[in-house]
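# 3D model of this:
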Amino acid sequence: MALVSDGAFVRDEWRRLADEESLPGSGKVIVSLGRLPAALDDARLGAVGVYVANTTDPKALAPFFGRLALIDIAFPAFTDGRGFSLARLLRREGFSGELRASGKLTPDQYLHAIGGGFDRIEIPDELAAHHGEANWAKARDARSLSYQRGIPGGASILERRRKGVA
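Residues are numbered from 1 along each chain as shown. Next up, the predicted model:
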């Protein structure tokens, strides 16, 4: 899997654990929602993240926000945008940690993901090879201004108007 951050492929410092894998003695781990309470109680871990379906209720995660460093939302298909909605809801509920989109996403969806609150995107290796790092960087720079908050380039168009910076 390739990890896209700020339009570039970066090294992933997190390890995603399968449910049958035991918790390591240290490091940053991503676990399923069912394993989350046990992982958060393990003092040996440096940081804990959770991998969730795009249908997860944000209120189920809210009690853990203070202890969660990352929420990884699944995107099972190019055409399934429910993860974008979930990201917005998680940010509205108060999650301030890293939000990661994982799965079948393309550079065309990059600005929408950032505008919805995502920090990073994890894509399968075959998509990374097909689209290439240059296309992700180009997608990031496709617009300098937007009505959405979170798009690279500073304040949104509305925020700039309110401040008198056309």
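# OK, contacts around the residue lying closest to Lys138 once chain neighbours are set aside?
Take Lys138 and drop its neighbours on the chain: the residue closest to it by C-beta to C-beta, 6 or more residues apart in numbering is Pro107, 7.0 Å away. To be clear about C-beta, it is placed using only N, CA and C from the backbone, and glycine gets the same treatment. Going by C-beta atoms under 8 Å, 6 or more residues apart in numbering, Pro107 touches His131, Asn135, Trp136, Lys138, Ala139.
# so the first one, which of the three states?
Translated: His131. helix (DSSP: H, G, I helix; E, B strand; the rest coil).
# again, but for the third one
Remark: Trp136 carries the secondary structure label helix [criterion: three-state DSSP].
# now do it, the pLDDT please.
Trp136 carries a pLDDT value of 84.
# got it, and the last one?
Among the per-residue scores, Ala139 holds a pLDDT of 82.
# report how many residues lie close to it.
Ala139: 21 surrounding residues under other C-beta atoms under 10 Å.
# check the third one too.
Using other C-beta under 10 Å, Trp136 has 24 other residues around it.
# buried residues, stretch 34-49. List them.
Under the neighbour-count criterion of 16 or more other C-beta atoms under 10 Å, stretch 34-49 has Arg35, Leu36, Ala39, Leu40, Leu45, Ala47, Val48, Gly49 buried.
# and that stretch, how far from the chain's centre?
Centroid separation between stretch 34-49 and its chain, computed with C-alpha atoms, centre = their mean, to the nearest Å, is 19 Å.
# pull the residues that contact it.
The contact list for stretch 34-49 (C-beta under 8 Å, 6+ apart) reads 14, 17, 19, 23-31, 50, 64, 67-72, 98, 100.
# for Trp136, see how far away the residue nearest to Lys138 is.
5 Å (C-beta to C-beta, to the nearest Å).
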